[in-house]
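[1] I would like to see how this sequence folds:
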Amino acid sequence: MWEKILRPKFLAKKVKEDPNKFKSLGFHVIEVVGEGYELESLVEYFIYSTFGRYVYIVEHEGRKFLARGDRKIGEMEYLVKDEKGLMRLILKEIKKSTRAALFGITVGFAMAVGGLVSIWKPEFSFIGVMLGGVLGSAITKIFEYYLIGYCKT
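    Next up is the predicted model:
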């Protein structure tokens, strides 16, 4: 559903498989090494020198690889808006960043909607919080996609 609404340029997924499987399917595969600027340069090189709509962040035996090609393998996890969003996603997955701020936005939105509903009809405040949570989750996905450049499906 989100794929049809947002129309992403890339679809990405994190998998734990053998990178040789992707090579045999015709994907361009590189091993991710280094840190800091070296890592960012490697990821940028990968993004601009390969082709294909599907990007896989592959973990195998404690090592990480990037694979990109035109075949979809399984259900995709992330919708990615553009190259900058793809770079942010890859670096986030490799560096293990957290998404606590976006979770906080969802919880805050749920509480605000619940508070507004409780002012209008106090007996429906719990339903308002639940509705706010659902709407907050959808709004958070849209904010992630347009502000960060990617969102989880």
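
[2] and Glu144, how many residues sit next to it?
    Around Glu144 there are 20 other residues, counting by other CB atoms under 10 Å. For glycine as for every other residue, the C-beta is placed from the backbone atoms N, C-alpha and C.

[3] how distant is stretch 8-22 from the center of its chain?
    What separates the centre of stretch 8-22 from the centre of its chain is 13 Å, taken as CA atoms, centre = their mean, to the nearest Å.

[4] In that stretch, which of the residues would be classed as buried?
    By neighbour count on 16 or more other CB atoms under 10 Å, the buried set for stretch 8-22 is 8, 10-13, 15, 19, 21-22.

[5] of those, closest to Ala112?
    Closest approach to Ala112 among the buried residues of stretch 8-22 (CB to CB): Pro8, at 28.7 Å.

[6] Does that closest one touch Leu86 like I think?
    No. In this structure, Pro8 is not within contact of Leu86 by CB atoms under 8 Å, at 9.7 Å.

[7] which residues are in contact with both of the two?
    80, 150 (CB atoms under 8 Å, 6 or more residues apart in numbering).

[8] For stretch 73-80, give the mean pLDDT please.
    For stretch 73-80, mean pLDDT rounds to 84.

[9] start to end distance for that stretch?
    16 Å (CA to CA, to the nearest Å).

[10] For it, could you pull out the residues that count as buried?
    So stretch 73-80, judged by 16+ other CB under 10 Å, has buried residues 73, 76-80.

[11] before we move on, what about stretch 138-153?
    Those would be 140-141, 144-145, 148-153, for stretch 138-153 by 16+ other CB under 10 Å.

[12] and which of those residues is nearest to Gly115?
    Nearest member of the buried residues of stretch 138-153 to Gly115, counting by CB to CB, is Thr140, at 18.3 Å.

[13] got the domain boundaries for the protein?
    2-95, 100-152 (automatic domain parsing).

[14] lowest-confidence stretch among those?
    domain 100-152 (a mean of 69).

[15] Show me where the chain has its helices.
    2-6, 19-24, 37-49, 83-95, 100-120, 125-143 (DSSP state H).

[16] pull the CA atoms of the second one into CSV?
    C-alpha atoms of helix 19-24 as CSV (Å, rounded to 0.1, in the frame of the first residue of the first chain):
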residue,chain,number,x,y,z
PRO,A,19,26.5,-12.8,-0.7
ASN,A,20,27.4,-15.3,-3.3
LYS,A,21,23.7,-16.0,-3.8
PHE,A,22,23.2,-12.4,-4.9
LYS,A,23,26.3,-12.6,-7.2
SER,A,24,24.9,-15.7,-8.9
